[in-house]
Structures are given as structure tokens and as C-alpha cells.
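Engineer: predicted structure and sequence below. I'll ask about it afterward.
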Amino acid sequence: MGAVKEATILCVQTQTGVIARGTIYAVSAAIFIGTLLVGGVGLAGSEMLHNAAHDLRHGLAFPCH
């Protein structure tokens, strides 16, 4: 008696694309400015600015300490 074996062929279609240079620049600028704002205000000498940034980080569930 012969056993019938079924083969399943899995085809994966991938699609590649090119990310526009302007998009890369915009994302890089947003990350840089965001890091600068969070770090700069968080380390600010003014206690009022520091406390405002601290409260904002807590409100956004961003780890700060």
C-alpha cells in the first residue's frame, strides 16, 4: 500500500521600496530635536523648567528616574 504525500508550497512575495531622502532627513531631524528638547529641558538650570519637563515625562509614562 502506498501512502500519498501532499506537498504544500509556500510562496512568499516580498516588496521592496525606496525610502525618500526627504523622509530620512525629516525623521532624523525629529529624533534629534526631540532628544535635544527632552535632554536640554530636563537638565535646565531653572527649577520651573525642570519640574515642568519632569511632570510631562510622568504624564507620557516616559521613564525619568
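Structural biologist: Yep, it's here.
Engineer: pLDDT weak spots in this protein?
Structural biologist: For the chain, applying pLDDT under 70 flags the ranges 1-10, 42, 44, 64-65.
Engineer: ok, the residue nearest the centre of it to residue 17 distance?
Structural biologist: Within the chain, one residue has its C-alpha closest to the average C-alpha position: by CA atoms, centre = their mean, that is residue 31, at 8.7 Å. Applying CB to CB, to the nearest Å, one obtains 21 Å for the distance of residue 31 from residue 17. C-beta: built from backbone N, CA, C; applies to glycine.
Engineer: so what's the residue count around residue 56?
Structural biologist: Residue 56 sits with 14 neighbouring residues when counted by other CB atoms under 10 Å.
Engineer: what does residue 52 give?
Structural biologist: Under the criterion other CB under 10 Å, the count of neighbours that residue 52 has is 13.
Engineer: again, but for residue 53
Structural biologist: 20.
Engineer: residue ranges for the helices of this protein, please.
Structural biologist: With DSSP state H applied, the chain shows helices at 21-42, 47-59, listed in chain order.
Engineer: would you turn those into JSON lines with distance to residue 13?
Structural biologist: Putting the helices of the chain into JSON lines (distance: least, CB to CB, whole Å) gives the following:
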{"stretch": "helix 21-42", "distance to residue 13": "24"}
{"stretch": "helix 47-59", "distance to residue 13": "43"}
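Engineer: deepest of the ones you listed, which one?
Structural biologist: Per-stretch averages of neighbours, counted by mean count of other CB atoms under 10 Å, single out helix 47-59 among those, with a mean of 13.
Engineer: tilt between it and helix 21-42?
Structural biologist: Relative orientation of helix 47-59 with respect to helix 21-42: 120 degrees, computed using axes from the mean of the first three to the mean of the last three CA atoms, to 10 degrees.
Engineer: please renumber the chain so that the first residue is 48 from this point on.
Structural biologist: Yes, from this point I'll number from 48; that puts the last item at helix 94-106.
Engineer: from the contact counts, what lies against helix 94-106?
Structural biologist: Contacts defined by 3 or more CB pairs under 8 Å, 6 or more residues apart in numbering; DSSP states H and E place helix 94-106 against helix 68-89.
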